[in-house]
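*Asks:* heads up, no residue letters with this:
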Ligand SMILES: Cc1cc2nc3c(=O)[nH]c(=O)nc-3n(C[C@H](O)[C@H](O)[C@H](O)COP(=O)(O)OP(=O)(O)OC[C@H]3O[C@@H](n4cnc5c(N)ncnc54)[C@H](O)[C@@H]3O)c2cc1C
Ligand SMILES: Nc1ncnc2c1ncn2[C@@H]1O[C@H](COP(=O)(O)O)[C@@H](O)[C@H]1O
């Protein structure tokens, strides 16, 4: 057995979700090689070499991989795939974008968003917004797998000593071009890596009121999250969305404020260690998953909590 | 230009899905079935493009059992012009579905294909991307804004850090995210009109597609249950519990 993990990175650092994908590869067993494809990504390649458990880092540094365009990346991965038994990435928006292409080009199934490894060919994965866990067995020679970011403990970013090799394969499908991005600059921890998350929903009423939560989040060193309703209403940007179709999180503490607890929201946060819900409706379904529920008007309760912190 | 829209028949998103006690799957008896919500958004986008005069025909395609015709009919009532059902009672996985769709794309030669980003039953998020790879086309996944040009489509995508805009040569595959648009409801006259719109029925065998599953579901179990929590009476009590009982804040 041998694993090829495709790294998520920003050309300088390897993402935390990749450390989780490597942990899943470890659970599968066999050697683990890491592919870092990007433009000007030598620093990321070097950082990759230090990750615990990685045998070899392959760096494909070229303009064509600059923005992780799915067509180019998939062709590269297929070329590198060779005899690896498992091709693994995190369930990031990048992994979700190019990995199914890799699977289709290899004529194999993809096993999406695994939450457990039973054996080298059998995996657990949530279906129906996490209302059921399926145990699935793949009969394909190559397993193409994406890994849920909350499901495994990340491997250490330091302590390894992998060899780092450059590969000069250039795959340019020439069908898509990157134009621009609006990446939200964070002065708080990243949502999927945070140990505390403060999340707001439609009950916040507007974007301005999220300042109440920001103040609490700052005192707790927490990341900020939101329900889809808050995103849809334009209170906050889309990258804050937690849920079935947003980010999956499992912090030590998740504080849900003015969020009703729709199944699609719960799907993204119900594996959190401690859940707090503040909602004025005592029948809100969020209270069914909350360890501590407070039935109160958030506009009174949140400033009060802020004062105590 | 012709736009092809894919629709999957899934358990309605309001249904509280339950695992069968023999752990073979989830209970689908008498549950409400609907168009996958992301596919409603795909239909809406295609219909708007047609209303804007940028598209001549909207074709919807579904792969599955004969009752998928209900969802195709709904799509027709929402403004699609005709339907195609690739009929099969077999359990089909994304790769097999993508192969059927690829055969339909070969036959129909659409300028644009719009799929949902994710079916809310299997939560796979694979089919559109697989179709794009099999058809040798470019893709723009998780779209929240679509601008259709003559040779390219410019798409704003919802990515982990925020938003990204890419341009993809046509023909291309787009997968929809929730914010792309707000789907309309079908009006009664349109529901009546839809009854007369044609649905072609074909099969994977007709299309020459091998749909043999690559993945076997060994069992389906309920997720771990959470212990019931407590309702606290005041913010002070909450603060105290978090600090001294759960020890998650200091
Ligand atoms: C295909 C699909 C995918 C989806 N994916 C997601 C997803 O990934 N994530 C997600 O979150 N949603 C998702 N949704 C939407 C989901 O179904 C719900 O609509 C959404 O989560 C509701 O958000 P909310 O709880 O903020 O709003 P609401 O349900 O409107 O709840 C607002 C809550 O605020 C409370 N409140 C109001 N005022 C106050 C106050 N002053 N003090 C205290 N409490 C107050 C109310 O009692 C209420 O419980 C999806 C839906 C679909 C169809
Ligand atoms: N059986 C099907 N018939 C038609 N379209 C489908 C089918 N399965 C998936 N799709 C399309 O592919 C999208 C993603 O599905 P999935 O890859 O299963 O998450 C859906 O939103 C549909 O648009």
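*Replies:* Nice, thanks for sending it over. What you see is a predicted model, and the numbers here were worked out from it, not measured in a lab. Ligands and ions are numbered 1, 2, ... in the order given.

*Asks:* residues contacting the residue in chain B positioned nearest to ligand 1?
*Replies:* Of all residues in chain B, residue B:37 sits closest to ligand 1, at 3.7 Å by Cβ to the nearest ligand atom. C-betas here are computed from N, CA, C, even on glycine. Counting by Cβ atoms under 8 Å, 6 or more residues apart in numbering or on different chains, residue B:37 touches B:13, B:116, B:120, B:178.

*Asks:* what about 10 Å?
*Replies:* A:245, A:264, B:10, B:12, B:13, B:116, B:118, B:119, B:120, B:176, B:178, B:183 (Cβ atoms under 10 Å, 6 or more residues apart in numbering or on different chains).

*Asks:* ok, of the residues you listed, which one's closest to residue A:59?
*Replies:* For these, the minimum distance to residue A:59 (Cβ to Cβ) is 31.6 Å, reached by residue B:118.

*Asks:* you'd agree the closest one is in a helix?
*Replies:* No. Residue B:118 sits outside any helix when classified using DSSP: H, G, I helix; E, B strand; the rest coil, being coil.

*Asks:* tell me where chain B has helices.
*Replies:* Along chain B, counting by DSSP state H, helices occupy B:37-51, B:69-77, B:94-108, B:127-135, B:188-194, B:235-240.

*Asks:* residue A:217 is nearest to which of those helices?
*Replies:* helix B:235-240 (15.5 Å).

*Asks:* quick one: is that closest one near chain A?
*Replies:* Yes. Using Cβ under 10 Å from any Cβ of the partner chain, helix B:235-240 comes into contact with chain A via B:235, B:236, B:237, B:238, B:239, B:240.

*Asks:* ok, now which ones touch the residue lying closest to the second one once chain neighbours are set aside?
*Replies:* With Cβ to Cβ, 6 or more residues apart in numbering or on different chains as the measure, residue A:308 is the residue that lies nearest to residue B:236, at 6.9 Å, once sequence neighbours are left out. Neighbouring residues of residue A:308 by Cβ under 10 Å, 6+ apart: A:216, A:219, B:235, B:236, B:238, B:239, B:240, B:242, B:243, B:249.

*Asks:* do the same with residue B:82
*Replies:* B:57, B:58, B:59, B:60, B:61, B:72, B:75, B:76, B:197, B:198, B:199, B:200.

*Asks:* right, and the last one touches residue B:85 too?
*Replies:* Yes. Under the criterion of Cβ atoms under 10 Å, residue B:200 is in contact with residue B:85, at a separation of 7.3 Å.

*Asks:* contacts only, for residue A:278.
*Replies:* Here residue A:278 is in contact with A:200, A:203, A:255-259, A:284, A:286, A:290, A:292-298, A:300-302, A:305, B:232, B:235, B:238 (Cβ under 10 Å, 6+ apart).

*Asks:* out of these, which end up buried?
*Replies:* A:200, A:203, A:255-259, A:284, A:286, A:290, A:292-296, A:298, A:301-302, A:305, B:232, B:235, B:238 (16 or more other Cβ atoms under 10 Å in any protein chain shown).

*Asks:* list the buried residues for the longest strand seen in chain B?
*Replies:* For chain B, the strand that runs over the most residues, judged by DSSP state E, is strand B:138-148. With burial defined by 16+ other Cβ under 10 Å, the residues of strand B:138-148 counted as buried are B:138, B:139, B:140, B:141, B:142, B:143, B:144, B:146, B:148.

*Asks:* same question for stretch A:209-218.
*Replies:* With burial defined by 16+ other Cβ under 10 Å, the residues of stretch A:209-218 counted as buried are A:209, A:210, A:212, A:213, A:214, A:215, A:216, A:217.

*Asks:* how about those residues in TSV, adding distance to chain B?
*Replies:* As requested, those are exported to TSV (distance: Cβ to the nearest Cβ, whole Å):
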residue	distance to chain B
A:209	17
A:210	16
A:212	13
A:213	15
A:214	17
A:215	14
A:216	10
A:217	12
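
*Asks:* in helices, which of those fall?
*Replies:* Using DSSP H, these in helices are A:210, A:212, A:213, A:214, A:215, A:216, A:217.

*Asks:* now these in JSON lines, with pLDDT?
*Replies:* Formatted as JSON lines, those follow (pLDDT from 0 to 100):
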{"residue": "A:210", "pLDDT": "97"}
{"residue": "A:212", "pLDDT": "97"}
{"residue": "A:213", "pLDDT": "97"}
{"residue": "A:214", "pLDDT": "96"}
{"residue": "A:215", "pLDDT": "96"}
{"residue": "A:216", "pLDDT": "97"}
{"residue": "A:217", "pLDDT": "97"}
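
*Asks:* which one of those is nearest to ligand 2?
*Replies:* Among these, residue A:210 lies closest to ligand 2 (Cβ to the nearest ligand atom), at 30.9 Å.

*Asks:* which residue is the nearest non-sequential neighbour of residue 214?
*Replies:* No chain specified, so I'll use chain A. Counting by Cβ to Cβ, 6+ apart, the residue nearest residue A:214 is residue A:224, at 6.6 Å.

*Asks:* wrong one, chain B
*Replies:* Residue B:214 sits nearest to residue A:109 (Cβ to Cβ, 6+ apart), 3.9 Å away.

*Asks:* what comes up buried for stretch A:192-208?
*Replies:* A:192, A:193, A:194, A:196, A:197, A:198, A:199, A:200, A:201, A:202, A:203, A:204.

*Asks:* where's that stretch relative to the chain centroid, distance-wise?
*Replies:* 18 Å (Cα atoms, centre = their mean, to the nearest Å).

*Asks:* just stretch A:220-232 next, same as before
*Replies:* On Cα atoms, centre = their mean, the centre of stretch A:220-232 falls 15 Å from the chain's centre.

*Asks:* does chain B sit close to the one helix or strand residue A:103 maps to?
*Replies:* Element membership for residue A:103, per DSSP states H and E: helix A:93-105. Yes. Using Cβ under 10 Å from any Cβ, helix A:93-105 reaches chain B at A:93-105.

*Asks:* quick one, that helix and helix B:127-135 angle?
*Replies:* Counting by axes from the mean of the first three to the mean of the last three Cα atoms, to 10 degrees, helix A:93-105 lies at 40 degrees to helix B:127-135.

*Asks:* which helix or strand lies directly C-terminal to helix A:93-105?
*Replies:* strand A:110-114.

*Asks:* ok, that next one: who's next to it in the sheet?
*Replies:* Sheet partners assigned to strand A:110-114 using DSSP bridges are listed as strand A:143-147 (parallel).

*Asks:* so for the partner strand, mean pLDDT?
*Replies:* Mean pLDDT, strand A:143-147: 98.

*Asks:* now stretch A:257-269
*Replies:* Rounded mean pLDDT across stretch A:257-269 is 96.

*Asks:* near ligand 1 at all, it?
*Replies:* Yes. Judged by Cβ under 6 Å from any ligand atom, stretch A:257-269 comes into contact with ligand 1 through A:258, A:259, A:260, A:262, A:264, A:265, A:268.

*Asks:* can you narrow those residues to ones near chain B?
*Replies:* Among the residues of stretch A:257-269 next to ligand 1, the ones lying near chain B by Cβ under 10 Å from any Cβ are A:262, A:264.

*Asks:* Serialize the residues of stretch A:257-269 next to ligand 1 to CSV and add fields for secondary structure and distance to ligand 2.
*Replies:* Shown next, in CSV, are the residues of stretch A:257-269 next to ligand 1 (DSSP: H, G, I helix; E, B strand; the rest coil; distance: Cβ to the nearest ligand atom, whole Å):
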residue, secondary structure, distance to ligand 2
A:258, coil, 30
A:259, coil, 25
A:260, coil, 25
A:262, coil, 19
A:264, helix, 14
A:265, helix, 19
A:268, coil, 16
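
*Asks:* who wins for most neighbours among the residues of stretch A:257-269 next to ligand 1?
*Replies:* Neighbour counts for the residues of stretch A:257-269 next to ligand 1, by other Cβ atoms under 10 Å in any protein chain shown, peak at residue A:259, which reaches 31 neighbours.

*Asks:* please name the nearest non-neighbouring residue to that one.
*Replies:* In space, and not counting its chain neighbours, residue A:259 is closest to residue A:201: 3.3 Å by Cβ to Cβ, 6+ apart.
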